[in-house]
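Asker: Attaching a predicted model along with its sequence, questions to come.
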Amino acid sequence: RSYAPFEADMRAGTAAVYHHEMPGGQVTNLREQARSLGLEARWPEVAAAYAQVNLLFGDIVKVTPTSKVVGDMALFMVSNDLTPAQVADPQRAIDFPDSVVSLFKGELGYPAHGFPEALQRKVLKGAPALTQRAGALLPAVDLAAEQQRLAASLGRECTEQELASHLMYPKVFKDFAAHSARFGDVSILPTSAFFYGLKEGEEVCIELERGKTLIVQLLGRADTDDGHVKLFFELNGQARVIKVAKAGAAAASAQPKAEEDNPHHVGAPMPGMVSTVLVAPGQRVQQGDTLLTIEAMKMEVAIKAERDGVIQQVLVASGKRIANKDLLAVFV
């Protein structure tokens, strides 16, 4: 019951799998991605788009990680109301998700029959595809030196497991390390408390280490006028008060929307969080230069300049949450 919200809510087999050909393990993952992007109510469209993307990509074998790439593109199409014909149209500029670019570049390998050539040219936008196994191009790593650098960034000694995680998934591990530094080891929290919080009067026991247990009871809560909540606890019988931001208390995004027909406007192709901003007002850019990147639930999209020009205004910063079609930057 603790994990029920993460299930696909399917109570029986479905013949729809013969249409979308979605691997079983991906159904729950993709539905969670769709939920995070505000597309949960459009799940039938996402499943249909999954089948369309599969055919666009040449009916590839869909296993991890290729199945995720198909799912990323399906979400991208539904978020932007794109049809397969519009995706394949060489005259329509599209900033494809990074995972799609990686796939067509050959970084995940090549299907026996290759990729559709016209779509590959459009996705790569002139960038060369790999001509050999991607792993053969990886530079050698000095493990001892890299372990020292990682330890310096963490401010402590790092384990071999942490080093391996950092080398294989640098961005994910960096986020995990930052979360651990801020909140500690949350794995010791009871599952119900981690996912759903405590109810008033509820008490849990948290074993910090052998022989050291923390008894936590939520006594009550009080709303404040600044969008926060005061929570009153007892920790091993001692009263404690903390103040936390109320979920959803932030005002609706006041970010202006990009005008669809305005060539000076750069809009967000999907909701998410701005990961990096690579341009500043007054900066001259060329067609194809990356302006910024957006991240949303394991999917990252690089927003590139569609023409040469000068940036007049940048309306977002790294870490800012944005909605679909929010205005990100303005050209002169």
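Answerer: Cool, the structure landed. Residues are numbered from 1 along each chain as shown.

Asker: Nearest spatial neighbour of Leu328, chain-adjacent residues omitted?
Answerer: Val266 (4.9 Å; C-beta to C-beta, 6 or more residues apart in numbering). The way it works is simple: take the backbone N, C-alpha and C, and place the C-beta from them, glycine included.

Asker: partner strands of the helix or strand hosting that neighbour, parallel or antiparallel?
Answerer: If you go by DSSP states H and E, Val266 is part of strand 265-267. Next to strand 265-267 in the sheet, as set by DSSP bridges, lie strand 327-331 (antiparallel).

Asker: Output the partner strand as CSV, restricted to C-alpha atoms.
Answerer: Output of strand 327-331 as CSV, limited to C-alpha atoms (Å, rounded to 0.1, in the frame of the first residue of the first chain):
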residue,chain,number,x,y,z
LEU,A,327,9.2,33.1,-22.5
LEU,A,328,12.8,32.2,-21.9
ALA,A,329,14.8,34.8,-23.9
VAL,A,330,14.3,37.6,-26.4
PHE,A,331,16.4,38.4,-29.5
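
Asker: Now do the contacts for the residue nearest to Leu328.
Answerer: 258, 291, 303, 305, 327-331 (C-beta atoms under 8 Å, 6 or more residues apart in numbering).

Asker: Now do the lowest-mean-pLDDT helix or strand in the chain: distance to the chain's middle.
Answerer: For the chain, using mean pLDDT, DSSP states H and E, the weakest element among its helices and strands is helix 24-36, scoring a mean of 87. Centroid separation for helix 24-36 versus its chain: 12 Å, with C-alpha atoms, centre = their mean, to the nearest Å.

Asker: After that helix, which helix or strand is next?
Answerer: Where DSSP H and E defines the elements, the next helix or strand beyond helix 24-36 is helix 43-56.

Asker: Contacts for the next helix or strand along the chain from that next one, please.
Answerer: Per DSSP H and E, the first helix or strand lying C-terminal to helix 43-56 is helix 66-79. Where contact means C-beta under 8 Å, 6+ apart, the residues beyond helix 66-79 that reach it are 22-23, 26, 29-30, 33-34, 37, 39, 42, 45-47, 49-50, 52-54, 56-57, 60, 62, 82-84, 87, 96-97, 99-100, 102-103, 108, 269-271, 298-299, 301, 324.

Asker: Appreciated, that's everything.
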